[in-house]
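In: model this:
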Amino acid sequence: MLKNLLKKLMRGGAGDSPAADIETAVPIDPLRSWLIRASELAGAGEHAASVECYRECLELQSQDSRIWCNFGAELDAIGQAGEAEAAYLHALQLDPALAQAWYNLGRMQQESGREGESESSYRSALKLLDAERDYETWQLTYSNLGLLLQKQGRPRDALTLYREALARMPSDAGLRSNLLFALTTMPDIDADELLREHLAWGRLQACEHAPHANPPDPERRIRVGYVSADFHRHPLAFHFLPLLLNRDRARTEVICYYSGATQDEMTAQLQRCADHWRDIRYLNDADADALIRRDGIDILVDLSGHTAGNRLPLFARKPAPVQLTYLGYANTTGLHSMDYRISDAYADPPGTEVRYVEKLLRMPHSLWCYQPPQAAAPDNPAPVLANGHVTFGSFNAAYKLHPGLIKVWADILRAVPDSRLLLVNVPTEAARERISAWFNAEGIAEDRIELQARLPSAEYWAAHRRVDLALDPFPCNGGATTCETLWLGVPVITLAGDSFVGRAGLSLLSNCGLAHMIAASTQEYVALAAELAGDPARLVAMRKTLQESLPGSSLLDGQTFARAMEAQYRTIWRHWCEQEREHA
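Out: Numbering: from 1, shown residues only. Now for the predicted structure:
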């Protein structure tokens, strides 16, 4: 079967003449010409044309594993996943020591949810890779494997992997960011250790920066730049959009610096809302620094922190006189060049300043503001009426689940004997087996737990129609997930933690009239869930009240939120101008 598919791949159809019959009679120069052309087309994003060039190459030389590997990458780029996988497998048949093919295969398996196979492929690649000879593939393999382990709910395995990589390349900013993200979401991490790790990352990035030529006029129209890899249909975008839609254009000019690859309808909407749009994905930090300085940015805002695709090393260069971090990350950046961090008094009450390098700027309500994906939420009646039993649910990523949390959720299920629990966003294979085993260890029958993988939007929304009460995980709460769950009419119970990562639920619920759904202890969390489950009429009323009251809450009041954020910008801009005048 593979042999027939390979013939089809080489011919681009169902041809039956093996390329090997002619390869010895063809001189090398035509092959080199096709290879150069294929590479040029790939670099220009002309992947379909590049595929055809690689077909010609394989007609001339069918036994070159690297050509097959590159051919697979181009097939993958045009969405031909099955054919791409066959090409990678054939490359590995020709050369089992081709690390690039193992990495490409692992990435494809990861994207299709075959995480066990992906982990095996990545580990095969790591056995073969030499960081000094192929640093990019080495770094990507460690990074992707670490993120895969985190997604499976194996943070300690991910930490071990990252530390192994950093022992060889201690200055790698991306791998260190991954490590910091994993540490931030772990349930038993020491706060002092967490701060030390972030500070260590910041020291590695510290560098001298050029002075700024921005006119220190405190009342002029200021230029604000936003940097993110998530300007697409990503959870962050639904919180960033209200700020763009409701800004005071007479007082603030906005330039978005996009470092991501995905382009969709949200990308287009954000681009329309901005005054200027810059694609910096292919710019190194020095060139991006120069671009931001030429644009005359007064306040530069990081929207990623230590999440995927971040450009924090760019912020270390201080391309703008005032820099702040907001929204994308639940901790300090560790950069002394980052002047401020946007928060609120719920997520960061007085006394938490010592946990951050940045100075805290607290919003008057919540630091979150949510722009729903459509004007009105779908009708969503309480499912307890039709089911005759209460269904609890969680729609958060699997990396937020851990044995301590599962024990508390099992206590809820024991307290409400006929209840069910639906968990969405749980990967298949190892992650699902691990979570099922945790519930089994607590004596919870399998038929009371339903695990669903990541769902398309329509199915994801439909899943909320099956849930009466959503359970916020702890100590790593939901953020954007909680907003969407509330918008879809499902009440949420949260446990207030002692750090930002565990107080997102407190901030969100306090700003939409659900402060009574905030528990101060695990015992109170269980008791609250059991109490509500025992009163179906109250669940029905809560759902109706939430759907009516949420649109008028501060959580969805984009105009008030934008005015408050711009007031923060003006305050810190005036402060910088005052300092400049003092030093003049």
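In: Average pLDDT for the helix or strand encompassing Thr485, rounded please.
Out: Thr485 is located in helix 480-487, with elements delineated by DSSP states H and E. Across helix 480-487, the average pLDDT comes to 96.
In: elements contacting that helix?
Out: helix 237-245, strand 492-495, helix 504-510 (3 or more CB pairs under 8 Å, 6 or more residues apart in numbering; DSSP states H and E). C-betas here are computed from N, CA, C, even on glycine.
In: can you list the residues that contact it?
Out: By CB atoms under 8 Å, 6 or more residues apart in numbering, the residues outside helix 480-487 that reach it are 235-236, 238-239, 368, 370, 372, 377, 395-397, 464, 470, 472, 478, 492, 494, 504-505, 508-509, 512, 514, 546, 550, 555-556.
In: how does it look with 6 Å?
Out: By CB atoms under 6 Å, 6 or more residues apart in numbering, the residues outside helix 480-487 that reach it are Pro235, Tyr370, Pro372, Ala377, Phe395, Asn396, Ala470, Val492, Leu508, Leu550.
In: so it versus helix 237-245, what angle?
Out: 80 degrees (axes from the mean of the first three to the mean of the last three CA atoms, to 10 degrees).
In: Put the alpha carbons of helix 480-487 into PDB.
Out: Extracted in PDB, the C-alpha atoms of helix 480-487 (Å, rounded to 0.1, in the frame of the first residue of the first chain):
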ATOM      1  CA  ALA A 480     -11.000  33.300  29.000                       C
ATOM      2  CA  THR A 481     -12.700  29.900  29.500                       C
ATOM      3  CA  THR A 482     -14.600  31.200  32.500                       C
ATOM      4  CA  CYS A 483     -15.700  34.300  30.500                       C
ATOM      5  CA  GLU A 484     -17.100  32.100  27.700                       C
ATOM      6  CA  THR A 485     -18.800  29.700  30.100                       C
ATOM      7  CA  LEU A 486     -20.500  32.600  31.900                       C
ATOM      8  CA  TRP A 487     -21.500  34.200  28.600                       C
END
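In: can you give me how far that helix is from the chain middle?
Out: On the basis of CA atoms, centre = their mean, to the nearest Å, helix 480-487 sits 16 Å off its chain's mean C-alpha point.
In: same check, this time on stretch 277-291
Out: 21 Å.
In: that older thread, most neighbours, which of the contacts of helix 480-487?
Out: Within the contacts of helix 480-487, most neighbours by other CB atoms under 10 Å means Leu508, with 30 neighbours.
In: That residue - nearest residue in space that isn't next to it in sequence?
Out: Thr482 (5.2 Å; CB to CB, 6 or more residues apart in numbering).
In: ok, the one you found to Phe395 distance?
Out: 9 Å (CB to CB, to the nearest Å).
In: Have a look at the protein and report its longest helix.
Out: Longest helix in the chain, counting residues (DSSP state H): helix 558-583.
In: Which positions in that helix come out as buried?
Out: For helix 558-583, burial by neighbour count (16 or more other CB atoms under 10 Å) applies to 558, 561-562, 564-566, 568-570, 572-573, 576-577, 580.
In: Give the other helices and strands that it contacts.
Out: Contacts defined by 3 or more CB pairs under 6 Å, 6 or more residues apart in numbering; DSSP states H and E place helix 558-583 against helix 237-245.
In: Just want the angle from the helix it packs on to helix 558-583.
Out: Going by the same axes, to 10 degrees, helix 237-245 makes 70 degrees with helix 558-583.
In: So which bits of helix 237-245 are buried?
Out: Buried, per 16+ other CB under 10 Å, within helix 237-245: Ala237, Phe238, His239, Phe240, Leu241, Pro242, Leu243, Leu244.
In: can you put those residues in a markdown table and add distance to Ser112 and pLDDT?
Out: Formatted as a markdown table, the buried residues of helix 237-245 follow (distance: CB to CB, whole Å; pLDDT from 0 to 100):
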| residue | distance to Ser112 | pLDDT |
| --- | --- | --- |
| Ala237 | 25 | 96 |
| Phe238 | 26 | 96 |
| His239 | 29 | 96 |
| Phe240 | 30 | 97 |
| Leu241 | 30 | 97 |
| Pro242 | 34 | 97 |
| Leu243 | 35 | 97 |
| Leu244 | 34 | 97 |
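In: with these in mind, which one is nearest to Asn440?
Out: The closest of the buried residues of helix 237-245 to Asn440 turns out to be Phe238 (CB to CB; 36.2 Å).
In: and Asp302, what are its phi and psi?
Out: The phi/psi pair for Asp302 (degrees, to the nearest 10) reads phi -90, psi 130.
In: quick one: contacts for it?
Out: So Asp302 contacts Val227, Phe315, Thr325 (CB under 6 Å, 6+ apart).
In: partners of it in the sheet?
Out: On the basis of DSSP bridges, Asp302 is bridged to Val227, Thr325.
In: and it, what pLDDT?
Out: pLDDT for Asp302: 98.
In: And it, how far from Arg311?
Out: For Asp302, the distance to Arg311 (CB to CB) stands at 8 Å.
In: between those two, what contacts are shared?
Out: By CB under 6 Å, 6+ apart, the residues touching both Asp302 and Arg311 are Val227.
In: Now for Trp576: which residues touch it?
Out: Pro321, Val322.
In: after the lowest-mean-pLDDT helix or strand in the chain, next one along is what?
Out: Least confident helix or strand, the chain: helix 20-23 with a mean of 40, by mean pLDDT, DSSP states H and E. Downstream of helix 20-23, the next assigned helix or strand under DSSP H and E is helix 28-43.
In: Using PDB, write out every CA atom in the helix or strand that that next one is followed by.
Out: Later in the chain than helix 28-43, the nearest helix or strand by DSSP H and E is helix 47-60. In PDB, the C-alpha atoms belonging to helix 47-60 read as follows (Å, rounded to 0.1, in the frame of the first residue of the first chain):
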ATOM      1  CA  HIS A  47       3.900  25.600  -1.300                       C
ATOM      2  CA  ALA A  48       1.800  24.000  -4.000                       C
ATOM      3  CA  ALA A  49       4.300  25.000  -6.700                       C
ATOM      4  CA  SER A  50       7.100  23.700  -4.400                       C
ATOM      5  CA  VAL A  51       5.400  20.400  -4.200                       C
ATOM      6  CA  GLU A  52       5.500  20.000  -8.000                       C
ATOM      7  CA  CYS A  53       9.200  20.900  -8.100                       C
ATOM      8  CA  TYR A  54       9.900  18.200  -5.500                       C
ATOM      9  CA  ARG A  55       8.000  15.700  -7.600                       C
ATOM     10  CA  GLU A  56      10.400  16.500 -10.400                       C
ATOM     11  CA  CYS A  57      13.300  16.100  -8.000                       C
ATOM     12  CA  LEU A  58      12.100  12.600  -7.000                       C
ATOM     13  CA  GLU A  59      11.700  11.600 -10.600                       C
ATOM     14  CA  LEU A  60      15.400  12.300 -10.900                       C
END
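In: now for the next helix or strand after helix 47-60, which elements pack on it?
Out: Where DSSP H and E defines the elements, the next helix or strand beyond helix 47-60 is helix 65-77. The contact analysis (3+ CB pairs under 6 Å, 6+ apart) places helix 65-77 against helix 47-60, helix 81-94, helix 99-111.
In: wait, which of the ones you listed is closest to Ala290?
Out: Distance to Ala290, taken as CB to CB, is lowest for helix 47-60 among these, at 30.4 Å.
In: other SSEs contacting the closest one?
Out: Against helix 47-60 (3+ CB pairs under 6 Å, 6+ apart) you get helix 28-43, helix 65-77.
In: Just put the ones you listed in JSON lines and tack on mean neighbour count, mean pLDDT and distance to Asp248.
Out: Converted to JSON lines, these look like this (neighbours: other CB atoms under 10 Å; pLDDT from 0 to 100; distance: least, CB to CB, whole Å):
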{"stretch": "helix 28-43", "mean neighbour count": "15", "mean pLDDT": "86", "distance to Asp248": "42"}
{"stretch": "helix 65-77", "mean neighbour count": "23", "mean pLDDT": "94", "distance to Asp248": "42"}
